[in-house]
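[1] Using only what follows, build the 3D model:
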Amino acid sequence: MSKQFPRLFSPLTIGKRTLRNRIVFGAHTANMAVNGLPTERHAAYYAERAKGGAGMIVVEPMPVHPAAILTRGNFRTCDDSVIAPFQKVVSAIKDNGAVAIQQLYHVGAHGDSDNSFHPHWSPSGQPSYHDSDGSHAMSEAEIWETIESFVEAARRCRAAGFDGVEVWAAYLGLVDQFWTPWTNRREDQWGGTLENRTRLSREILTRIRKSCGEDFIIGLAISDEPDYSVALSRDALAEIVGLHDRQGLIDYVTCGSGGYLDFHKLMPTFLYPEKLGADLAARIKAVTTHAVVIAESHIRTPENAETVLSEGSADLISIVRGQIADPHLARKAGEDRADDIRGCISCNQMCWGRRSRDYWISCLINPSVGRESVWGGDRFEPAAAPRNVLVVGGGPAGLEAARVAAERGHKVMLAEASSRLGGNFLLAGLQPRRAQILDLLAWYERQLHKLGVDVRLNCYMEADEVATMAPDAVILATGSLPPDTGFQKALPAVETLPGIEKGNVFSIEAVMGRQARLGRRVLLLDEGGGWRGGGTAWKLAEEGHEVTILTPDAFVGKELQRTTADVPLRRTLRRLGVTWQVEVSVAEWHGQGATIIDHTSGEKSFIAADSLVLAMTNIAANWLAMDLTARGVPYVEIGDCAAPRQAPYAFFDGRKAALGL
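    Residues are numbered from 1 along each chain as shown. Alright, predicted model coming up:
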């Protein structure tokens, strides 16, 4: 029993299954199916979280009907050929001590025609909030067909060995479209009164119970969107869940946040408060007498989870992204080793960010995600022959390379030219609300210390020094630097920004590193569309600067759209008084203002400003690599010094290089 998290590690019984702890790895679309069938990638992904100690794992949603298909990695619908592959996934979970559940879903109006080639089905034919299509108002026969498809999907889950299913009634999908008067305008037995609006869900749950038996766990997933008056209120959701609970139709309820109206709260980034699902869970727990309540949504850490349980807001806690980032979160917490947990940084970049582009998911800070069948998790095979390894550069790539090499038994020296570890990633952690990055860097420092890595700060390495040291392996992670030309991709014929020599022009790195003396009025030219520009604008605005963002993109934060962070960022910037002009570039800097060019019209105009800040594509800091090449010293180049890219590829390079030693 954990002394630090006693409630979290007390067992709990659902139906006839006893969970070893109260940590759930909740449902999310990993998008890993091939030809609609789960693969070895799937099995290894879930096995790692079961080995890591999760009490219950809810496998990603099965679309129950052709109208419900949402991604190219979805499972096949209405097809028993999924049963045998699912048996491997179930074994991977249950053989490692976790209870195995599968979620069943239907998105209703919010389908994806590119994947389904099927009309979206909904109660009343309203528009999709997933794409620009409309939907088909279901006939009575189609409603019964859909009910039967849920039951058949549950039957397949039972045949595959799952302990139960979770019926998805969240995010304003089909089930809660029937519940919600705004989306259910029907005048037949499926609309109007509460009894009629809940008829679909009650029929589904009743028939699943009859088909799969009393010992089969049946859960219900819900969420709330309190900022939208047309969505169900928490009181309305409590009334609906209470009705299902009194009729004995459900064994548990999972409570999340957001929906297709408030999409940014589905997977809340660091812009949102933590423990978002706890309030809804507390309201639902007050009306249930049989079903246990699971709180999810931005409950990242065991500390968060223990707090929610101790307040009596829920019976179990679903930690999804936290267990994506560290699949052994539960085991480490249970051993009172919370400091060893690699904490999720709530960025969404490689989990939802890859899923939103219809790829299988991964993780910015844990490149093993999705590669467990090849790389495993944080369980590394010892090296056959330990070597002396020199890692030059203490940014993300170098930190991960040093950590994993040491985990495998190599003797590692990490040389960092500056006084702190982290590289440009450290500067990102200094932006508003991004301190989770600093927590991650502190985690690396602890891990490197425990592993005996020789970390040397203020240690600038020259090629002659490397050659004299003669390590068995050299890994270069020397990072990248901002260009000093002001080159803009949107103006490819202009190599150097006219007027840059007049001064008061600074890079993002100089600003975040407090190496720039800025005037009150700041123009920030953002060609990246990510946090480098947006987060720096936020920080400058908080410090009292008048900030105007200039971007050649059609909107500010273009690259953040895939992470659901762009809209909350723009709202924050507006609140702080930041303005912007889109589809523009800087034609000339005058020292006290800029001439900008509008790409849609070709017109030029002048904006007065005291300083110009550039968020441009960096260049590789690869001079050490060139010097070592000239001396014939072999090395591996990783991270930004190989090619300036976003952070996940630096972590990936570091892991790959260390595994290759």
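
[2] ok, residue 159 to residue 153 distance?
    Distance check for residue 159 against residue 153: by CB to CB, to the nearest Å, it reads 11 Å. Heads up, the C-betas are built off the backbone N, CA and C, glycines and all.

[3] residue boundaries of the strands in the stretch 351-500 of the chain?
    Per DSSP state E, counting those that start in this stretch, the stretch 351-500 of the chain carries strands over the ranges 388-392, 411-415, 454-456, 473-476, 480-481.

[4] now those strands as CSV including distance to residue 114 and mean neighbour count?
    Listed next are the strands of the stretch 351-500 of the chain as CSV, based on distance: least, CB to CB, whole Å; neighbours: other CB atoms under 10 Å:
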stretch, distance to residue 114, mean neighbour count
strand 388-392, 44, 24
strand 411-415, 46, 23
strand 454-456, 49, 15
strand 473-476, 42, 24
strand 480-481, 36, 20
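
[5] With respect to residue 581, which of those strands lies nearest?
    Proximity to residue 581 (CB to CB) singles out strand 480-481 among those, at 27.5 Å.

[6] Please enumerate residues in contact with the closest one?
    424, 509, 618, 619, 620, 621, 640, 641, 644 (CB atoms under 8 Å, 6 or more residues apart in numbering).

[7] Select from those every entry located in strands.
    619, 620 (DSSP state E).

[8] just checking, residue 581 touches residue 596?
    Yes - look at residue 581 against residue 596 with CB atoms under 8 Å: they come within range, at 6.8 Å.

[9] who's more crowded, the two?
    residue 596 (21 against 15; other CB atoms under 10 Å).

[10] Can you give me every residue that contacts that one?
    By CB under 8 Å, 6+ apart, the residues touching residue 596 are 550, 581, 584, 585, 586, 587, 604, 605, 606, 607.

[11] Quick check on the closest residue in space to it that isn't next to it in sequence: phi, psi?
    Closest residue to residue 596 apart from its sequence neighbours, by CB to CB, 6 or more residues apart in numbering: residue 584 at 4.7 Å. Here is the backbone geometry of residue 584 (degrees, to the nearest 10): phi -130, psi 160.

[12] what's the neighbour count on residue 584?
    24.

[13] Tell me the bridge partners for it.
    Counting by DSSP bridges, residue 584 forms beta bridges with residue 598.

[14] okay but it is in contact with residue 601, surely?
    No - Residue 584 is not in contact with residue 601 according to CB under 8 Å; the separation is 10.0 Å.

[15] Please parse this structure into its domains.
    12-375, 388-481+620-659, 500-617 (automatic domain parsing).

[16] ok so, going back, which ones are touching the residue nearest to residue 596?
    Per CB under 8 Å, 6+ apart, neighbours of residue 584: 550, 551, 552, 596, 597, 598, 599.

[17] related to what we said a few turns ago, most neighbours among the contacts of strand 480-481, which one?
    residue 640 (29 neighbours).

[18] Quick check: the gap between that one and residue 477.
    From residue 640 to residue 477 the distance is 8 Å (CB to CB).

[19] who touches both of residue 581 and residue 596?
    residue 550.

[20] mind listing what's buried in stretch 617-637?
    Neighbour-count burial for stretch 617-637 flags 618, 619, 620, 621, 622, 624, 625, 628, 633, 635, 636, 637 (criterion: 16 or more other CB atoms under 10 Å).

[21] actually stretch 238-249, sorry about that
    Result for stretch 238-249 [16+ other CB under 10 Å]: buried residues 238, 240, 241, 242, 243, 244, 245, 249.

[22] The second one against residue 195, yeah?
    So the one you mean is residue 240. No - applying CB under 8 Å as the test, residue 240 and residue 195 come out as separate, 10.8 Å apart.

[23] Which of residue 159 and residue 153 has more residues huddled nearby?
    Ranked by neighbour count (other CB under 10 Å), residue 159 and residue 153 place residue 153 first, with 28 against 15.

[24] How about that one, nearest residue that isn't a chain neighbour?
    residue 64 (4.4 Å).
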